[in-house]
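1. just to be clear, the model below is a prediction. Sequence and coordinates:
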Amino acid sequence: MRVMVWSTVLGASFAVPAFLLAAAADAEHGKVLFQACAACHSTRPDALGPDLKDVFGRKSAARDDFRYSNPMLRANLVWDEANLKAYIADPQAKVKGNRMPYGGLTNENDVDDVVAYLKVLK
Ligand code: HEC
């Protein structure tokens, strides 16, 4: 009987962290982090980077109003979750030679949150 009770307690204590780990990425926090991206990614005509509205699910280098680098033009990606995460974490590893002057976000949770925000950026 004691063994059964003990395993129930253990089971419960394992259930909590598992639930917390499954917590959804935080688009609100992503929006805050995106301030750093927005320095270049804005709708201003003199913006350094392409507008990222509707980027989720779009093909890479798809905007007519931006002159992409050749590596980005050749990348031929769809900006789905996996590709966005990889690019934001390490732009040069994902699209070698592209000219986004940004080193990447090192914190995995931050990457998830930025992608969650990009999904709702319309
Ligand atoms: C200092 C300017 C700058 C910053 C900061 C920056 N970017 Fe970029 N970004 C660029 C440029 C320039 C390109 C185009 C690269 C090319 O054509 O090689 C680009 C391209 C991209 C693309 C591909 C867009 C497309 O239409 O294919 C994505 C996605 C992207 N950036 C996301 C981000 C995110 C998310 C952040 C913040 C975590 C960020 N960028 C920060 C300048 C920047």
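-> Here it is on my side, so go on.
2. hey, let's count contacts and neighbours off CA atoms from now on
-> OK.
3. buried ones in stretch 24-38?
-> Residues Ala25, Asp26, Ala27, His29, Gly30, Lys31, Leu33, Phe34, Ala38 are the ones in stretch 24-38 that count as buried (16 or more other CA atoms under 10 Å).
4. contacts for that stretch?
-> The contact list for stretch 24-38 (CA atoms under 8 Å, 6 or more residues apart in numbering) reads Asn109, Asp110, Asp112, Asp113, Val114, Val115, Ala116, Tyr117.
5. dump the residue contacts of the first one.
-> In other words, Asn109. Ala25.
6. can you tell me which residues in the chain are near the ligand?
-> Taking CA under 6 Å from any ligand atom as the contact definition, the chain meets the ligand at 34, 36-37, 39-40, 48-50, 60-63, 68-69, 72, 88, 98-102.
7. and the residue nearest to Leu105 when sequence neighbours are not counted, its phi and psi?
-> In space, Leu105 comes closest to Ala89 once its chain neighbours are excluded; the distance is 4.8 Å by CA to CA, 6 or more residues apart in numbering. Ala89 has phi and psi values of phi -70, psi -40 when expressed as degrees, to the nearest 10.
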